[in-house]
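K.L.:
Following is a predicted model, sequence given first.
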Amino acid sequence: MRNTLSIILLCSLLALFLVACSSQDIEAPVEQTSANSAVQKVQPIAVDAENNSAEAVNKVSKTTIPTISQEGDEGLTTDDSDAVTLSSVVVDTGQTSCYDDTQAVVCPEKGETYYGQDAQYVGVQPSYVDNGDGTVTDLNTGLMWHQTPDLENKSTYPGAVAGADTFALAGYDDWRLPTIKELYSLMDFSGRTGRTAAASVPFIDTDYFDFEYGNESAGERFIDAQYWTSTEYVGATYNGDATVFGVNFADGRIKGYPRDTGPGGRPKTNFVRYVRGNPDYGVNNFVENGDGAITDLATGLMWQTSDSGVSLNWEEALAYAENLEFAGYDDWRLPNAKELQSIVDYTRAPAALEAAQRGPAIDPIFDISETESWFWTGTTHVDGPFANKAVYLAFGQANGVYSGNLIDVHGAGAQRSDPKSGDPADYADGFGPQNDERRIFNYVRAVRGGEPEIFTGGEVDSGTDSNYWPQPGDAQQQGPPHAGAQQQRPAQPGGAGQQIQPGGAQQQRPPQPGNTGRRQGGPPNAGSPQQQGPPQEAIYACVGLSENASCEFTTPFGTEIKGTCAIVQADLACIPQGQPRPSS
């Protein structure tokens, strides 16, 4: 009897154990990786055609979400059913051509010079829907856009902000002025700035978005196609001017623009394009992986916590990222312009008006070698229409050079471009209308993730010019130094130097440490084809002017040139005084 009861008791306990086990979720083994990863898998956005709305359903699949509160925790691996929603998909830049330091080239193979640039990593492709009611939906970001802004009348910043409150379109009244990250999501680097509007391609998809260049008949430059955003600079530019960031779809840049007063003391005006939907776009969600890398769960991209530690030219920057083996991965790359802009923190600036916001324009979760640093991207900026510059993001102040002093002219968080190679001393007085400081040697923060496709080969972009070079015997050297000549590298972090703060007393511009002399430039080697056309500085000097008007410009070598605007090979350019006027 006792044995029978024992058997019954054991069977009961076994049954209870089996029931308990069946009620538990037993996870299948998952493939182990050497570090926490985030790989972006983009799926279509569900579009409600009847209501012209879109719901973002982009997913991060096989995502390891790091846990930072316990050492040794390998994180939680999810499958597609529990995938993390990407609130801020980074759309590809649209750049499809490869370039070296000066011109378009066939896209190189892995291991070759200039491998790893923007066009070789094909990311999430733009996907727009024309809703047929004056709106365009971006199927990647979940944002709905105003298709045709007022292209006849620009607006002041207060007018742009107030206009959103009363703007109604396609049955919606919840429109807003976009943030800088929302508006920059439309940037398309298949654009290029030529010498005229007719020779240029806008940096926005004009198949979906209506666009006009600046009104030259009203005294504007054709590149005056700036758009307001709602992102106000936390610092100030020039002499303490309140500043608002904007995007220029004519020349492919982000700059801070004076909020109140524009050229000639008139109110500053820009174009306005309103947006609605996905209020979380551009809001980062950083997680430390515990291995020296950081994952942004908003974009699905993984970043180096630290940077390159030294400043590099563009060719070196590409090589650094391609050869990086870090945190268990060897697929790091130089980020494209839109990827790098996604981690700019526009609530911070080195000279922010509020002390709590002072620091480089990046989340303090990242390490940065130098507060006043700029960072390379793999995106070439076809400007002028030359291909000798690449895009950088200013995490420090975006300076101009005035009377030997550095002044923040465009704000920390600006996107501009630098020559890919050369000597910064050749640009002692800056470049362009605001005398942009040129450094040439910038930092790198590598990125991975996003599952880009790799592209090599292809055709050479025929729409770019090689750099203009003075012909033998010319009195002035104009144009950037010849690729391949010796370069002077600036000193690395730790050097002394101060700069003008908005509204503060002027201080001497810090020297370029390590630059013992100007790099020797010159024309192409003897026997090479001569490159024709006026330098871009001479062309820019006559933008908005008429033939025979007085003009002046500064060469990249610091020489002041005064002259007269004249037609040179169909371009209006500044011809130095005493030089024979070319026949038109």
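P.N.:
Yep, that arrived.

K.L.:
What are the boundaries of the strands in the stretch 51-200 of the chain?
P.N.:
For the stretch 51-200 of the chain, the strands defined by DSSP state E, counting those that start in this stretch occupy 53-55, 59-61, 64-65, 76-77, 84-85, 98-99, 104-105, 121-122, 128-130, 135-138, 144-146.

K.L.:
how far does the last one sit from the chain's center?
P.N.:
In other words, strand 144-146. Between the centre of strand 144-146 and the centre of its host chain there is 22 Å, according to Cα atoms, centre = their mean, to the nearest Å.

K.L.:
Gln357 against Val234, yeah?
P.N.:
Yes. Using Cβ atoms under 8 Å, Gln357 is in contact with Val234, at 5.0 Å. For glycine as for every other residue, the C-beta is placed from the backbone atoms N, C-alpha and C.

K.L.:
Overlap in contacts, these two.
P.N.:
Thr347, Arg348, Ala349 (Cβ atoms under 8 Å, 6 or more residues apart in numbering).

K.L.:
Helices - which of those land there?
P.N.:
Nothing among these maps onto helices, per DSSP state H.

K.L.:
Kindly indicate which of those residues lies nearest Thr196.
P.N.:
Set against Thr196, the nearest of the shared contacts of Gln357 and Val234 by Cβ to Cβ is Ala349 (35.6 Å).

K.L.:
Next up, the contacts around the spatially closest residue to Asp436 that is not a sequence neighbour.
P.N.:
Computed as Cβ to Cβ, 6 or more residues apart in numbering, the closest residue to Asp436 that is not its neighbour in sequence is Gly430, at 5.4 Å. The neighbours of Gly430, taking Cβ under 8 Å, 6+ apart as the test, are Gly400, Val401, Tyr402, Asp436, Glu437, Arg438, Thr554.

K.L.:
From the chain's centroid, how far away is stretch 400-408?
P.N.:
With Cα atoms, centre = their mean as the basis, the mean position of stretch 400-408 lies at 23 Å from the chain mean.

K.L.:
and it, how far apart are its ends?
P.N.:
Stretch 400-408 has an end-to-end distance of 6 Å (Cα to Cα, to the nearest Å).

K.L.:
Likewise for stretch 264-280?
P.N.:
38 Å.

K.L.:
Show me which residues of stretch 265-281 are buried.
P.N.:
Lys268, Thr269, Asn270, Phe271, Val272, Arg273, Tyr274, Val275, Arg276, Gly277, Asn278, Tyr281 (16 or more other Cβ atoms under 10 Å).

K.L.:
which one among those residues gets closest to Ser546?
P.N.:
Thr269 (23.3 Å).

K.L.:
ok now do that closest one, which residues does it touch?
P.N.:
Per Cβ under 8 Å, 6+ apart, neighbours of Thr269: Lys154, Ser155, Thr156, Gly262.

K.L.:
List the single closest residue to Ser155 in space, sequence neighbours excluded.
P.N.:
Among residues not flanking Ser155 along the chain, Val272 sits closest, at 5.0 Å (Cβ to Cβ, 6+ apart).

K.L.:
so that neighbour sits right up against Ala162, yeah?
P.N.:
No. Assessed by Cβ under 8 Å, Val272 is found out of contact with Ala162, at 10.7 Å.

K.L.:
and Tyr329, how many neighbours?
P.N.:
When counting by other Cβ atoms under 10 Å, one arrives at 18 neighbours for Tyr329.

K.L.:
Take the buried residues of stretch 265-281 and write them to a markdown table, including distance to Ser546 and secondary structure.
P.N.:
A markdown table is the format used below for these (distance: Cβ to Cβ, whole Å; DSSP: H, G, I helix; E, B strand; the rest coil):
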| residue | distance to Ser546 | secondary structure |
| --- | --- | --- |
| Lys268 | 25 | coil |
| Thr269 | 23 | coil |
| Asn270 | 25 | strand |
| Phe271 | 25 | strand |
| Val272 | 30 | coil |
| Arg273 | 32 | coil |
| Tyr274 | 36 | coil |
| Val275 | 38 | strand |
| Arg276 | 43 | strand |
| Gly277 | 45 | coil |
| Asn278 | 46 | coil |
| Tyr281 | 44 | coil |
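
K.L.:
Remind me what the lengthiest strand in the chain packs against, helices and strands.
P.N.:
When the chain is parsed with DSSP state E, its longest strand is strand 560-568. If contacts are counted by 3 or more Cβ pairs under 8 Å, 6 or more residues apart in numbering; DSSP states H and E, strand 560-568 sits against strand 550-554, strand 571-576.

K.L.:
Let me know the angle separating that strand from strand 550-554.
P.N.:
Per axes from the mean of the first three to the mean of the last three Cα atoms, to 10 degrees, the angle that strand 560-568 makes with strand 550-554 is 120 degrees.

K.L.:
coming back round to it: ok, the residue nearest to Asp436 to Ala541 distance?
P.N.:
Counting by Cβ to Cβ, to the nearest Å, the separation of Gly430 from Ala541 is 14 Å.

K.L.:
And for Asp210?
P.N.:
Using Cβ to Cβ, Asp210 is found at 31 Å from Ala541.

K.L.:
got it, and Gly378?
P.N.:
31 Å.

K.L.:
that older thread, so the longest strand of the chain versus strand 571-576, what angle?
P.N.:
Using the same axes, to 10 degrees: strand 560-568 against strand 571-576 is 140 degrees.

K.L.:
Thought Leu183 was touching Ser230, still the case?
P.N.:
No. Using Cβ under 8 Å, Ser230 makes no contact with Leu183, being 9.1 Å away.

K.L.:
Between the two, which is the more surrounded one?
P.N.:
Leu183 (26 against 18).

K.L.:
ok, and what's touching stretch 349-363?
P.N.:
With Cβ under 8 Å, 6+ apart as the criterion, stretch 349-363 contacts 233-236, 284, 286, 343-348, 368, 371-373, 394-397, 408, 411-413, 501-502.

K.L.:
then it to PDB, C-alphas only?
P.N.:
Extracted in PDB, the C-alpha atoms of stretch 349-363 (Å, rounded to 0.1, in the frame of the first residue of the first chain):
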ATOM      1  CA  ALA A 349      27.000  74.600 -28.900                       C
ATOM      2  CA  PRO A 350      30.500  75.500 -27.600                       C
ATOM      3  CA  ALA A 351      29.400  79.100 -27.100                       C
ATOM      4  CA  ALA A 352      25.800  78.500 -26.200                       C
ATOM      5  CA  LEU A 353      24.100  81.400 -24.400                       C
ATOM      6  CA  GLU A 354      23.000  79.100 -21.600                       C
ATOM      7  CA  ALA A 355      25.900  77.600 -19.600                       C
ATOM      8  CA  ALA A 356      24.200  74.200 -19.300                       C
ATOM      9  CA  GLN A 357      24.100  73.900 -23.100                       C
ATOM     10  CA  ARG A 358      27.800  74.600 -23.700                       C
ATOM     11  CA  GLY A 359      29.900  72.000 -25.400                       C
ATOM     12  CA  PRO A 360      30.300  70.400 -28.800                       C
ATOM     13  CA  ALA A 361      27.000  69.800 -30.700                       C
ATOM     14  CA  ILE A 362      26.800  66.100 -29.900                       C
ATOM     15  CA  ASP A 363      25.300  64.100 -27.000                       C
END
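
K.L.:
for the record, mean pLDDT for it?
P.N.:
The average pLDDT for stretch 349-363 rounds to 98.

K.L.:
same thing with stretch 428-436?
P.N.:
The average pLDDT for stretch 428-436 rounds to 91.
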